[in-house]
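*Asks:* task: produce atomic coordinates for the following.
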Amino acid sequence: MASRMLQLVFICVLCVPFMILVSPAELGIMSILDYISYINPPAVHKYKHDNGDNILCVKFTDQISLQRGKQQYGYDKKNSIIGWRDAQAGDSIKRCPEGTVSVMEIKPDHQYAVMKYLYEGVYGAQGIFNVWQPYVESHDYFSLSQIWLIRDKGLPTMQTMEAGWIVYPSYYGDSRPRLFVYWTADNYNKTGCWNLYCEGFVMSTDSKYYPGQPIEPVSEYEGPQIEREISIKRLSDSFDREFLQGEGVWYLYIQNERVGYWPGSLFDSLAESADRVEYGGEVAIYGDNAGTPHSRTHMGSGHFLEEGWSRAAYIRNIEIHNSNGTLVYPPETNGVTNSKCYNLATHANQTWGQYMFFGGPGGDNPSCVN
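*Replies:* Purely as a prediction, here's the structure:
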């Protein structure tokens with residue numbers, strides 16, 4: 001989805017988990033860039049440490065631990081300054097100015113294995129996903145499989161609707177795969193959120209499915225495959241049009257059951273149609289430096305596409321529809337970040353229609369490095 005994250009913040013030699021400071025409900029209503037701003041406080045100086053870390057020199061009173069709960073701590077000039085200080089500017093200065101603390105800058109790293117379909121006038125998309133429980137190396141990382149409906153052509157910023165399954169321990173409190181929805185109207189800047197944690201996605205009554213719902217059981221390696229069909233469709237129901245005062249609506253269906261909708265008022269051009277659809281997987285990891293071993297976080301089943309049926313993750317019966325409901329076959333663009341970590345390939349046959357295998361073991365493959 002784009003970029004969405006939680007991370008670990010290191011203040012001097014003390015590691016403070018982000019989740020201690022912000023509750024899951026509060027996380028849900030924070031935008032992606034709000035996350036980054038929160039854990040990377042404003043800096044008066046920045047430099048690269050000899051160990052490869054990017055260091056932010058932050059005023060003592062601006063560090064995260066003093067922002068939460070409005071603690072009133074006195075300023076202790078001697079004890080608040082860690083290491084040698086130098087107020088001079090310039091990349092060669094590898095120290096923080098007096099009166100600041102050293103905070104390791106956290107940059108999210110999102111790895112993708114997605115197939116992109118470009119088509120002007122998308123009014124619906126669907127696919128059948130097999131569901132796994134991928135290994136996630138850190139509590140704050142996530143691994144997902146999803147569908148994106150996107151509009152960015154002719155717009156100043158990207159707008160998306162997203163749905164799929166995700167393993168995200170710090171957000172949900174466990175490692176079970178769960179259904180999720182997401183949206184943004186400004187490229188994950190100030191709008192959008194997961195599930196129902198802000199004004200946006202609206203639940204339908206009497207649905208047995210809901211965002212955040214765990215999926216059990218899950219697919220087994222060389223065993224039974226557990227699937228979920230996910231569809232996002234532009235509204236065509238006249239009753240609902242009247243109820244919603246003519247507003248354009250995108251409905252989400254799970255297993256052909258209506259779950260809820262994204263009101264068109266959330267978006268600009270995406271309220272009418274999408275111009276891109278993406279299918280595949282995403283892994284969010286944090287703090288890895290170039291050339292270092294990659295996170296062992298898995299995507300999909302944790303196995304590469306070449307292992308195929310009952311071993312690798314797949315999305316089958318991929319369908320994209322135009323305004324008339326006609327099935328269209330847009331050109332494909334492969335979007336794989338690092339094929340030594342996670343990979344993808346598409347195929348087609350009479351039974352599965354268009355389909356793809358994807359995923360991988362991340363750093364469990366020795367060739368996968370940052």
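*Asks:* and the protein, what are its domain boundaries?
*Replies:* Described in terms of automatic domain parsing, the domain architecture of the chain consists of the residue ranges 8-104, 108-364.
*Asks:* quick check: which of the ones you listed is nearest to Asn370?
*Replies:* Evaluated with C-beta to C-beta, the domains of the chain place domain 108-364 nearest to Asn370, the distance being 4.7 Å. Using the backbone N, CA and C atoms, a C-beta is placed for each residue, glycine as well.
*Asks:* quick revisit: want to try CSV for the domains of the chain, with mean pLDDT as columns?
*Replies:* Conversion of those to CSV gives the following (pLDDT from 0 to 100):
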stretch, mean pLDDT
domain 8-104, 59
domain 108-364, 91
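*Asks:* so which of those domains is the most surrounded?
*Replies:* domain 108-364 (a mean of 19; mean count of other C-beta atoms under 10 Å).
*Asks:* chain center to that one: distance?
*Replies:* 10 Å (C-alpha atoms, centre = their mean, to the nearest Å).
*Asks:* max-length strand in the chain?
*Replies:* Of all the elements of type strand in the chain, the one with the most residues (DSSP state E) is strand 108-122.
*Asks:* output the domains of the chain as CSV; include the columns distance to Asn370.
*Replies:* Output for these, formatted as CSV (distance: least, C-beta to C-beta, whole Å):
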stretch, distance to Asn370
domain 8-104, 11
domain 108-364, 5
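*Asks:* just checking, what packs against the longest strand of the chain?
*Replies:* Contacts of strand 108-122 with other secondary structure elements, assessed using 3 or more C-beta pairs under 8 Å, 6 or more residues apart in numbering; DSSP states H and E, are made with strand 274-286, strand 313-321, strand 332-336, strand 343-349, strand 353-359.
*Asks:* which other helices and strands contact the shortest one?
*Replies:* Judged by 3+ C-beta pairs under 8 Å, 6+ apart, strand 332-336 is in contact with strand 108-122, strand 343-349.
*Asks:* nearest to Gly248, of these?
*Replies:* Between Gly248 and the helices and strands packed on strand 332-336, the shortest gap by C-beta to C-beta is with strand 108-122, which sits at 13.3 Å.
*Asks:* and the closest one, which strands flank it?
*Replies:* Sheet neighbours of strand 108-122, with direction, are listed as strand 274-286 (antiparallel), strand 332-336 (antiparallel) (DSSP bridges).
*Asks:* ok, the helix or strand just after that strand: who's next to it in the sheet?
*Replies:* Heading C-terminal from strand 108-122, the first helix or strand you meet, by DSSP states H and E, is strand 124-130. For strand 124-130, the pairing partners within the sheet under DSSP bridges are strand 227-234 (antiparallel), strand 313-321 (antiparallel).
*Asks:* could you check the angle strand 353-359 makes with strand 124-130?
*Replies:* 50 degrees (axes from the mean of the first three to the mean of the last three C-alpha atoms, to 10 degrees).
*Asks:* do a quick rundown of the helices in the chain.
*Replies:* The residue ranges that make up the helices of the chain, judged by DSSP state H, are 18-21, 24-28, 32-39, 169-172, 238-243.
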